[in-house]
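Colleague: With the sequence up front, the predicted model follows.
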Amino acid sequence: MGGTIIGAEFLLSGCKPKTATIETLFDADNVAFLNEVAETILPETKTPGAKAAKVGEFMTVMVRDCYETADQDIFLKGIGQIDDAANKKFSKKFMDLDATQRTALLTDLDKEQQAYSKTKKPKDPNHYFRMMKELTLLGYFTSEIGCKQALRYVEVPGRFDGCIPYKKGDKAWALS
C-alpha cells in the first residue's frame, strides 16, 4: 500500500511541467561567465584576482538567497545583455573577447550604469551591471584571498591607534 501511495505521488509530480527557477538558471557556464566578469573588474596583479576568490560562485549564492525576485530577473537578464553588448561592439560573445576588449566593454557598461544611477528614481529597477560590480567588490574583499592578500590583515586587532602614518601604495586594513 505504501508503494502505491509513493508511486502515485511520483507519477503525479513527475507529470508537472518543469519551470525554470533561479537555482536551475545558475549553471556552471553562468558561474564561469560571472567569474570572467569579476576578473575583468578585479584582475590578477601582485595579488590574486576575483576569479581566484571564486566571486562568480559568491554572486550566484547572493542573488539566489538575498535578492528579491525582480532583482534576480534583472541580474539574470544582465548576463544576456553583456553578451548582446559584446556582440554589438565586437561581433563576439563576452567569453570570446580578449582582456582589452572585455575591459573596454565593461568600462562602457559602467558609464551606462553611472548615468542611469544619476537619473534613477526610487521605484526604478536596479541596473544589472551595478549589481554585478557591487557583488564583485563585496565577494572579493570579504573572501580570504581579498582580505588577507589584497588588504593588510590583522587577525586579532590590538588597540585603536588613529594616527598611523600612511605611505603611498599601502594596503587598506582588514580586521576579522
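Modeller: Yes, it's here.
Colleague: Break down this structure into its helices, ranges please.
Modeller: Under the criterion DSSP state H, helices of the chain are mapped to 2-14, 22-25, 28-41, 55-66, 69-90, 99-119, 128-141, 144-145.
Colleague: Which one of those lies nearest to residue 163?
Modeller: Of all those, it is helix 128-141 that lies closest to residue 163, at 24.6 Å by C-beta to C-beta. No exception for glycine: its C-beta is placed from N, CA and C like everyone else's.
Colleague: Report all helices and strands that that closest one contacts.
Modeller: helix 28-41, helix 55-66, helix 69-90, helix 99-119 (3 or more C-beta pairs under 8 Å, 6 or more residues apart in numbering; DSSP states H and E).
Colleague: how about the third one as CSV, C-alpha atoms only?
Modeller: Presented in CSV, the C-alpha positions along helix 69-90 are these (Å, rounded to 0.1, in the frame of the first residue of the first chain):
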residue,chain,number,x,y,z
THR,A,69,12.6,38.3,-7.4
ALA,A,70,12.6,41.5,-9.5
ASP,A,71,16.4,42.0,-8.9
GLN,A,72,17.1,38.3,-9.6
ASP,A,73,15.4,38.6,-13.0
ILE,A,74,17.3,41.8,-13.8
PHE,A,75,20.6,40.1,-12.8
LEU,A,76,19.9,37.1,-15.0
LYS,A,77,18.9,39.1,-17.9
GLY,A,78,22.0,41.2,-17.4
ILE,A,79,24.2,38.1,-18.3
GLY,A,80,22.5,38.1,-21.7
GLN,A,81,22.7,41.9,-22.0
ILE,A,82,26.5,41.7,-21.6
ASP,A,83,26.7,39.2,-24.4
ASP,A,84,24.5,41.4,-26.5
ALA,A,85,26.7,44.4,-25.9
ALA,A,86,29.8,42.4,-26.7
ASN,A,87,28.2,41.2,-30.0
LYS,A,88,27.2,44.8,-30.9
LYS,A,89,30.6,46.2,-30.1
PHE,A,90,33.0,43.4,-31.2
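Colleague: For that helix, buried residues please.
Modeller: Across helix 69-90, burial judged by 16 or more other C-beta atoms under 10 Å covers 72, 74, 75, 76, 78, 79, 82, 83, 85, 86, 90.
Colleague: And the shortest one, by the same measure?
Modeller: Buried residues in helix 55-66, counting neighbours by 16+ other C-beta under 10 Å, are found at 55, 56, 58, 59, 60, 62, 63.
Colleague: So for residue 167, which of the helices of the chain sits nearest?
Modeller: Among the helices of the chain, the nearest to residue 167 by C-beta to C-beta is helix 128-141 (20.9 Å).
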